[in-house]
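> the sequence isn't on hand, but the structure is:
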């Protein structure tokens with residue numbers, strides 16, 4: 001489990017609410033993380049089962065980074081709306 005995600009969960013939830021993104025989907029997404037960042041990834045289970053072993057594509061849907069000022073920075077990608085935008 002990603003400890004950073006757990007630590008930042010409420011701020012991420014607030015960002016999702018403010019930007020009309022589906023937080024339930026965010027919680028279920030694959031996560032890749034470093035010391036001060038998280039990349040949320042979409043994995044299409046129909047296209048592969050083994051991630052990097054079978055070159056399953058996993059586009060980055062949302063980057064979350066800790067800024068120098070201690071605040072979270074969110075960077076949407078070209079995949080954010082497709083996988084996270086709430087349907088009205």
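That came in fine, so what should we check first? Note that the structure is predicted; figures quoted are calculated from it, not measured. Residues are numbered from 1 along each chain as shown.
> next, the contact list for residue 10, please.
Listed by CB atoms under 8 Å, 6 or more residues apart in numbering, the contact set of residue 10 is empty. To be clear about C-beta, it is placed using only N, CA and C from the backbone, and glycine gets the same treatment.
> surely residue 61 meets residue 84?
Yes - in this structure, residue 61 is within contact of residue 84 by CB atoms under 8 Å, at 6.1 Å.
> so what sits against both of these two?
The contact sets of residue 61 and residue 84 do not overlap (CB under 8 Å, 6+ apart).
> report the buried residues of the biggest helix by length in the chain.
Using DSSP state H, we find that the single longest helix of the chain is helix 3-18. By 16 or more other CB atoms under 10 Å, the buried positions in helix 3-18 come out as 4-5, 8, 12, 15-16.
> need those in a markdown table (columns: distance to residue 22 and pLDDT).
Formatted as a markdown table, these follow (distance: CB to CB, whole Å; pLDDT from 0 to 100):
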| residue | distance to residue 22 | pLDDT |
| --- | --- | --- |
| 4 | 20 | 93 |
| 5 | 15 | 95 |
| 8 | 17 | 97 |
| 12 | 12 | 98 |
| 15 | 12 | 98 |
| 16 | 7 | 97 |
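> pick out whichever of those residues sits closest to residue 70.
residue 8 (11.7 Å; CB to CB).
> how about the closest one: what's its closest non-neighbour residue?
Leaving aside its sequence neighbours, residue 8 sits nearest to residue 72 (CB to CB, 6 or more residues apart in numbering; 6.1 Å).
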